[in-house]
Structure formats: C-alpha cells, structure tokens
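# pasting the structure only:
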C-alpha cells in the first residue's frame, strides 16, 4: 500500500474549487477577505502615500474634526489630534506595525507550538510529559502580567515584543497539534512508513505534519487577531511599541483624554482595530469549515 493511497496527504487541492465557492457564498467570509486585503494594502503602500508626515506638529490645526464635519478641513481627511498631527496618516502607519507584530509574532509562536506539539503527540512518554508541564506553567500565569513584567524589565521595543509573544504564545497551537497527532499516529500511512523503515522524524515531518496543516492555519489566523489586540493593549498601557513608531494603541491612549471634545481621536483607531480583528475572525471561521475533512464528501 502506498502512503498516498493510505491517505497520507491532505486533499486540500481537491477542495480548492469548493472552498472558493463557499467563500463567494459566505457574506461574512467575503467581507473578511475584502477587509483584510484593504488593511494589507494599507500597511504596504499606506506610509508611502500618506498625505502628511504623521509625526509633524501643526499646532494651529490641532483638534480639527474629520472632513465630513462642518468645521472639517479638506487637507485633513480624518482630522488632527491634540498636536495637529494628521490622524489619517497616523492610521496608515499604524496598520503596518499592527500587521507586522501580528504576523511575525504568530509565525514565531506557531513554529514553536507546532514543533513541540508534534514531538509531544508523536513520541509521548517523558517528552510529552515535559512539554505539557511546561505548557501548564506558562498558561498558569496571566499573559498580560507576564508581558508587562518582561517588557517593563527589559524596556519595550518592537522586536522584543515579537520575541516575547512568540516565546510565550505557543501554548494553543501546541495543544491543538498534539491532539491531532495523537489521532494520526495510529493511522495506516504512519504504520506503513514505520514498516518501510523510515526514521521517526522523517515520518513525523513528511507524513504527519501535512495532515495537521488545516488546524494550524485556523489557529494561526485567530492567533494573529489576538496578537493585534494584545499589541494594542500593551501600547495603550505604554509597554508596547514605543515612539517614534506609531501604533493604534498609542493613538487610543492619546485620544482617551479627548473623548467628549474630539471623539475621532479614539474612535477611528479603535474602529481600525475592530475591523482588522473581525476580518481575521471571519476568515478563521471560514477556514475552519473549509479545512474540516468532514465538510466535503
């Protein structure tokens, strides 16, 4: 029996046409895809096309409302903040930081979680015990306290934040992958691989890993959303990415003092965070349905 005939390789490519049709039929998934595309384009080209320098002060134009307001200025599409900085330009720059932290932090966390989950589920024994006890220690500490302690001790920065998120954000992916591997390791194609004398690690990464790609993609999509919220929360508290970098969390923190007099300062970056995370959640739910092997015949 060949490994392919035994089901060693996922049928993702065979599901692609059905997945595309499901995307077009699902209003939430289609909306999520469009929103995410918009934010990705904003992050890539936004800083280059921003109408103003997001750090330049124009005190004479401070607290100018958005252009659709009666007192709005056409040169400031979304108004200005308390220092006269253009809100639209700052949101464009903040999108890049949000997606950078979300994608790189998720990439590092997934890499660690997937490797540890594969090892724990496939080999079991003391390897599984050590990894699971380490996982339990990490999840027993409130994550926000853990991040605040480390960032406060070493000084917050963009890359330190990404590294910390990666080193302590792998627990969910590890548990999901371990659970999948516990089921897969008794399948026929794994037994066939062992019978053919392949090395355990070769069997693990060549034949088991491709069959857990679906859950990994779903977990990763949702993880990006949670990391974006985490980064905004830490920046709001002053422990995230520091100036001169611009983040939506910083904008929320600056705007909270002007909620009654300049509502757009907190509302617009808050709306950006909400829409970006919603787009990822919508896509995550769609991917969960598409990559579930029970979805299609």
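Received the coordinates, thanks. Just so you know, these numbers come straight off a predicted model, no measurement behind them.
# Can you give me the end-to-end span of stretch 71-80?
12 Å (C-alpha to C-alpha, to the nearest Å).
# Mind jotting down where the helices sit in the stretch 51-200 of the chain?
87-123, 125-140, 143-154, 158-168, 171-184, 188-195, 200-203 (DSSP state H, counting those that start in this stretch).
# could you dump those helices to CSV with mean pLDDT, mean neighbour count and distance to residue 265?
To be clear about C-beta, it is placed using only N, CA and C from the backbone, and glycine gets the same treatment. CSV is the format used below for the helices of the stretch 51-200 of the chain (pLDDT from 0 to 100; neighbours: other C-beta atoms under 10 Å; distance: least, C-beta to C-beta, whole Å):
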stretch, mean pLDDT, mean neighbour count, distance to residue 265
helix 87-123, 93, 22, 7
helix 125-140, 93, 13, 36
helix 143-154, 88, 14, 24
helix 158-168, 91, 18, 23
helix 171-184, 91, 20, 34
helix 188-195, 72, 17, 56
helix 200-203, 80, 14, 53
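# Export those helices as a markdown table, with columns for distance to residue 253.
Shown next, in a markdown table, are the helices of the stretch 51-200 of the chain (distance: least, C-beta to C-beta, whole Å):
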| stretch | distance to residue 253 |
| --- | --- |
| helix 87-123 | 12 |
| helix 125-140 | 28 |
| helix 143-154 | 15 |
| helix 158-168 | 16 |
| helix 171-184 | 28 |
| helix 188-195 | 51 |
| helix 200-203 | 47 |
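# Residue 248 is nearest to which of those?
With C-beta to C-beta as the criterion, residue 248 lies closest to helix 87-123 of the helices of the stretch 51-200 of the chain, at 4.4 Å.
# Next, the angle helix 125-140 makes with the closest one.
For helix 87-123 against helix 125-140, the angle by axes from the mean of the first three to the mean of the last three C-alpha atoms, to 10 degrees is 150 degrees.
# Check the offset of helix 87-123 from the chain's centre.
Centroid separation for helix 87-123 versus its chain: 5 Å, with C-alpha atoms, centre = their mean, to the nearest Å.
# Packing partners of it?
helix 27-49, helix 125-140, helix 158-168, helix 171-184, helix 213-237, helix 248-255, helix 264-290 (3 or more C-beta pairs under 8 Å, 6 or more residues apart in numbering; DSSP states H and E).
# For those, give me CSV that also has distance to residue 149.
Formatted as CSV, these follow (distance: least, C-beta to C-beta, whole Å):
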stretch, distance to residue 149
helix 27-49, 30
helix 125-140, 13
helix 158-168, 10
helix 171-184, 17
helix 213-237, 12
helix 248-255, 18
helix 264-290, 24
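# what sits against the most centrally placed residue in the chain?
In the chain, the C-alpha nearest the mean C-alpha coordinate belongs to residue 224, at 0.7 Å (C-alpha atoms, centre = their mean). Going by C-beta atoms under 8 Å, 6 or more residues apart in numbering, residue 224 touches 102, 103, 106, 280.
# ok so, going back, closest one to residue 285 among the helices of the stretch 51-200 of the chain?
helix 171-184 (15.6 Å).
# if we look at the closest one, which residues are touching it?
109-110, 112-114, 116-118, 120-122, 128, 131-132, 135, 138-139, 190, 208, 211-212, 215-216, 219-220, 223.
# same thing with stretch 50-70?
By C-beta under 8 Å, 6+ apart, stretch 50-70 touches 71-90, 92-93, 244, 246, 258, 261-262, 264.
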